[in-house]
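Trainee: Sequence and computational prediction follow.
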Amino acid sequence: MALFKKENSKTVKDIEKEQKDLALVSNIQRMYREAYAAKEELHRLWDKCFKAYTGEYFNNNRPSYVAKELSNYIFATVETVKPIMLANNPKFIALPRKEEFYEKSVLVQEALDYEWKRTNMFRELHRAITIGLITGTVPISLIWDSTADKGLGQIKPLILNPFNVFVDPMATNVEDAEYIIYAAYKNVGQLINFAPDKAEEIKSQVVSPSDEWLTYGKDTTNVDNAVLYIEAYFRDYSRELIDESEEGEKTTRLKYPNGRRVIIAGDVLLYDGENPYEDGKFPFEFWKCYEVPGRFWGMGEVEHIISPQENATNLINHVLDSARLMSNPVWILDKNSGIKKNSLTNRDGLVIRKNPGSEVRREQPPAMPAYVQNIIALLREDIEHISGVYDVTRGERPKGITAAAAIQALNEQAQGRIRLKIQTLEDTLSKLGAMWVSRMKQFWTTPRSIRVVGDDYKVQFREFNPNDFVDGDWDIIISAGSTMAVNKTARLQQIIQLSQTIAEDGLPVVDRQTILENSELPNVKEILERFNNIKMQQQQQQQNAILDQLALQNVQNQLQSNIEMSNTPMQQEIPNQQIEQEQMINEVMQLIQNLSPDEIADLAEKNPEVAYVLEILSQIEHPEQGLA
């Protein structure tokens, strides 16, 4: 008798849920295919731009016997723009919207400074600018990782590869995008750790990475345990019933007012829920090198200078090939010359023996046309005009210009387009900073300690509580010109010139402190303190000298008066004059008593008349003794 195993029966509700999940997965895959198809031409363009930046594009298909010289102006252009854009480390500034939020905005500022350093945002920003200059657009995502820092959680900025981000084809910016999708191949173990209850289903979706764009820049030769991971953020306008009145009227609301987040692995639904971020925004920001009206994706520096770079490279290699051939012209010899065909070379001191009456000579090739060199120079100029990166931008002195002021003016004018890029970058960072504060307000629900380094390099630890964020409201901006390139040498020279210019009040226009603060010296504060100490010492010495002079003058006046009175005939003295004399002697003695022995000796040494008076005074006071 055959035995049959009874299968667990599924309820109607379970079947409906499975069908609903399959429909949701199918909808996400449809959005992904639509965005992928709309962006496929960009994938090819970006691949071309990356290969042009590295130089692989130009020498990839050239035969081995020809020259392969590459003067990569594309690489030089990108690497010239980057340090100018990152000349100063940008900084978030938290501005309170109301006066009562000022104290808390100071704490928020310290938290933003700490987060910027903790996540090493300068390095991430360097990567972002490189990608943006090459492809035209770089996506930046700001997520909350609840598993980081031993379960405490951390905010994580991610510089994404534009090949892995897919946007609603109808969108022109993040605000009007109906959906944004991130797609990549992920390790099966990582996904099982995310959804352990669906481990068996995830394992059934394992494939070898086959999409060259999703794995761009990665070596997937020996990878065979990956799963296609798709994370979608989209607007969902479905509504749900929230109340029903006695009259039978139904009240509904949006089921996902902040948007919806769905994660799938292959055909398996891993997560379905509301957008976890309370600000209601998709966790993405995009910086564009050149904004194109009506298009979501921007243009980069590379795509427009590939053509002149390619033509210049071909001409340069043609010139090198011609130079190589012209320096070793062909041999022409008669058949009966008696010289073997392979015995002729371009070796120095070569001796040729031939039969009489025959000819052996080298054919002189024609000269290279001058217009070839002119075209190469013209193509280089085209690259400069298209990119806006000139000799002065690269720090080279323009030909025919020697005046420093003229070079500085040209440099400022040449950086006009770069300054525009910097301003758009600052706008993107401002939006990122506002999103960062929103993450802190939402997820910093437990007290945490952060490290703050003061201006004196002293480390302090601040305790942050949830109340520091929940009731605050701030605008986040980037400090004015924080990423703007500055010619520090020219600026310092200008400040020095102003310090040598005297204003109407007789003082220089710029003081010493301003010069030091704008210099590159690391210990400006110590230098200023040293100058202040020296100044105070000099003032104290001047005051002491003035007091000594006044005291000396007073003593001299008193003693002179005493001497004059002592020379007056006794018969002319009256009792009142004697009293005044005694008072004057007492005052002189009091003054001398207030001086130290060293001061008395110094006074006597510098003024012989004072020594004489002191001797007389000593005899008046002690007739039996002299001045010791």
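Mentor: Arrived safely.
Trainee: just to confirm, which helix or strand has Gln460 in it?
Mentor: strand 459-464 (DSSP states H and E).
Trainee: Would you give the sheet partners of that strand, along with the direction of each?
Mentor: strand 448-453 (antiparallel) (DSSP bridges).
Trainee: Return the set of buried residues in stretch 44-57.
Mentor: Neighbour counts over stretch 44-57 (16 or more other Cβ atoms under 10 Å) mark Leu45, Trp46, Asp47, Cys49, Phe50, Ala52, Tyr53, Gly55, Tyr57 as buried. (Glycine included, C-beta is placed from N, CA and C.)
Trainee: least confident pick among those residues?
Mentor: pLDDT across those is at its lowest for Tyr57, which sits at 86.
Trainee: which residues touch that one?
Mentor: For Tyr57, the contacting residues are Lys48, Lys51, Ile306, Glu310, by Cβ atoms under 8 Å, 6 or more residues apart in numbering.
Trainee: Repeat that for Tyr256.
Mentor: Contacts of Tyr256 by Cβ under 8 Å, 6+ apart are Asp236, Ser238, Glu274, Asn275.
Trainee: Okay, now the unreliable bits of the stretch 251-400 of the chain?
Mentor: 346, 348-349, 390-400 (pLDDT under 70).
Trainee: Can you give me the end-to-end span of stretch 351-366?
Mentor: 26 Å (Cα to Cα, to the nearest Å).
Trainee: Could you list the buried residues of it?
Mentor: Residues of stretch 351-366 classed as buried: Val360 (neighbour count, 16+ other Cβ under 10 Å).
Trainee: Could I get the average pLDDT for the strand holding Gln460?
Mentor: For strand 459-464, mean pLDDT is 76.
Trainee: May I have that strand exported as PDB, CA atoms only?
Mentor: C-alpha atoms of strand 459-464 as PDB (Å, rounded to 0.1, in the frame of the first residue of the first chain):
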ATOM      1  CA  VAL A 459      40.600  67.000  22.900                       C
ATOM      2  CA  GLN A 460      37.200  67.200  24.600                       C
ATOM      3  CA  PHE A 461      34.400  64.700  24.700                       C
ATOM      4  CA  ARG A 462      30.800  65.900  24.500                       C
ATOM      5  CA  GLU A 463      27.700  64.000  25.500                       C
ATOM      6  CA  PHE A 464      24.800  64.200  23.000                       C
END
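Trainee: Which residues does that strand contact?
Mentor: Leu107, Glu110, Ala111, Trp444, Pro447, Arg448, Ser449, Ile450, Arg451, Val452, Val453, Gly454.
Trainee: Give me the buried subset of these.
Mentor: Buried among the contacts of strand 459-464 (16+ other Cβ under 10 Å): Leu107, Glu110, Ala111, Trp444, Arg448, Ile450.
Trainee: Look up how far Ser438 lies from the second one.
Mentor: Computed with Cβ to Cβ, to the nearest Å, the distance linking Glu110 and Ser438 is 17 Å.
Trainee: Show me what Leu241 bridges to in the sheet.
Mentor: The partner residues for Leu241, given DSSP bridges, come to Thr252.
Trainee: Which parts of the stretch 151-300 of the chain are helices?
Mentor: Under the criterion DSSP state H, counting those that start in this stretch, the stretch 151-300 of the chain contains helices at 188-194, 199-203.
Trainee: Skipping its backbone neighbours, what lies nearest Lys203 in space?
Mentor: Val188 (6.3 Å; Cβ to Cβ, 6 or more residues apart in numbering).
Trainee: thought the one you found was touching Val227?
Mentor: Yes. Judged on Cβ atoms under 8 Å, Val188 makes contact with Val227 at a distance of 5.4 Å.
Trainee: More neighbours: which of these two?
Mentor: Per other Cβ atoms under 10 Å, whichever of Val188 and Val227 has more neighbours is Val227, with 25 against 19.
Trainee: Give the bridge partners for that one, please.
Mentor: Lys186.
Trainee: correct me, but it touches Val206?
Mentor: Yes. Using Cβ under 8 Å, Val227 is in contact with Val206, at 5.9 Å.
Trainee: Please identify every residue contacting each of those two.
Mentor: Contacts common to Val227 and Val206, judged by Cβ under 8 Å, 6+ apart, are Val188.
Trainee: Okay, buried residues for stretch 327-336 please.
Mentor: Buried, per 16+ other Cβ under 10 Å, within stretch 327-336: Trp331, Leu333.
Trainee: that older thread, now the buried ones among the contacts of strand 459-464 as JSON lines including pLDDT and distance to Asn544?
Mentor: Shown next, in JSON lines, are the buried ones among the contacts of strand 459-464 (pLDDT from 0 to 100; distance: Cβ to Cβ, whole Å):
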{"residue": "Leu107", "pLDDT": "81", "distance to Asn544": "49"}
{"residue": "Glu110", "pLDDT": "84", "distance to Asn544": "46"}
{"residue": "Ala111", "pLDDT": "86", "distance to Asn544": "52"}
{"residue": "Trp444", "pLDDT": "87", "distance to Asn544": "59"}
{"residue": "Arg448", "pLDDT": "81", "distance to Asn544": "56"}
{"residue": "Ile450", "pLDDT": "78", "distance to Asn544": "50"}
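Trainee: Identify, from those residues, the entry nearest to Lys13.
Mentor: Minimum distance to Lys13 across the buried ones among the contacts of strand 459-464 is 39.1 Å, recorded for Trp444 (Cβ to Cβ).
Trainee: The closest one contacts Val437, doesn't it?
Mentor: No. With contact defined as Cβ under 8 Å, Trp444 does not reach Val437; the gap is 10.2 Å.
Trainee: hmm, back to that, farthest pair within the contacts of Tyr57?
Mentor: Lys51 and Glu310 (11.4 Å).
Trainee: circling back to that earlier point, got CSV for the contacts of Tyr57, with secondary structure and distance to Lys281 too?
Mentor: Output for these, formatted as CSV (DSSP: H, G, I helix; E, B strand; the rest coil; distance: Cβ to Cβ, whole Å):
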residue, secondary structure, distance to Lys281
Lys48, helix, 33
Lys51, helix, 35
Ile306, helix, 35
Glu310, helix, 41
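Trainee: which ones are touching Asn72?
Mentor: Residues in contact with Asn72 (Cβ under 8 Å, 6+ apart) are Tyr53, Gly55, Phe58, Gln309.
Trainee: Restricted to helices, list those.
Mentor: Counting by DSSP state H, the part of the contacts of Asn72 found in helices is Tyr53, Phe58, Gln309.
Trainee: ok, of those, which one's closest to Glu103?
Mentor: Distances from Glu103 to those, taken as Cβ to Cβ, are shortest for Tyr53 (47.9 Å).
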